[in-house]
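Q: got a predicted structure plus its sequence, pasted below:
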Amino acid sequence: MHVRGCLRSYATYLGVPADRVLEVYGQHAAEPVSPTAPPKVPVDPDLSLPRRRDNARLVVMVAAAVIVLAAAFGILSARDPAPEPADLSSAAPLEQAALPPGIEVTVLARESVVVTVTIDGGEPQPYELETGEGRSFEADTSLGIRLSSGSTAQVTVAGRDLGFPGKEGKPWHETFTYETNPTPAG
C-alpha cells in the first residue's frame, strides 16, 4: 500500500495520470501478502532478575540517605565550631619529657679479662670475656665497671671511645653517671 501511495504522489507531481501508473504497476508487481504475526507464546517472568524500578528505588534511597547525613553533619558542625588556633608565638618553650637518662658502656676484650658491672647501684655482676669478645651494658642513672687487669679491653661510653684504660696488671674501676654526657664519676 505504501508503494501505491508513493506512485500516486509522483504521478500527480509529474502531471501523469495516476490511475494509469497504478494499473501498469499492478500488472508487473504482485501485491505482497501481509505477513502473519507469529503466535504469542506465554512467557513466565524470570524472578531471579532484578526489576529495573527496584534498582531505581535503591539509587534514590541511597542518594536521599547521603543528603540527610550531609545535612546532619553540616548542622552539627555549625553548632560547635572548631576552637580558635593557639597563639604559639608567646608560649613558653616545651620542656622535654622527663625520661630516665641512659648510659651505655661497651667493652671489647683485647686479652682475657673479668669485667664486673654494677648497674644503678645494684649487685655487682662478673662477666668473663675472652680475647676478641665484646659485651654492652645499659643503665638508667649509674654504671660502675671494673676490669680485672687494666689496658686489656677497649671501653666505649655513650659512643665516646676511652681506648684501653688503666695500667697493665692492675685492676681498673670507674663509675659513669648521666649528666650532660655520661662521664666518669668524681
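A: It's in.
Q: number of nearby residues for residue 152?
A: 23 (other C-beta atoms under 10 Å). Any C-beta I mention is one placed from the backbone N, CA and C, and that applies to glycine too.
Q: contacting residues for it?
A: Taking C-beta atoms under 8 Å, 6 or more residues apart in numbering, we find residue 152 in contact with 109-113, 164, 166, 168.
Q: what pLDDT does the model give it?
A: pLDDT for residue 152: 91.
Q: show me where the protein has its strands.
A: Residue ranges of the strands in the chain, as given by DSSP state E, are 103-109, 113-119, 125-129, 134-139, 142-147, 153-157, 160-161, 172-177, 183-184.
Q: need the contact list for the closest residue to residue 127 other than its chain neighbours.
A: Leaving aside its sequence neighbours, residue 127 sits nearest to residue 115 (C-beta to C-beta, 6 or more residues apart in numbering; 4.8 Å). Contact analysis of residue 115 by C-beta under 8 Å, 6+ apart lists 107, 109, 126-129, 135, 145-148, 153.
Q: top of the residues you listed by neighbour count?
A: residue 153 (27 neighbours).
Q: correct me if wrong: that one contacts residue 135.
A: No - using C-beta atoms under 8 Å, residue 153 makes no contact with residue 135, being 9.5 Å away.
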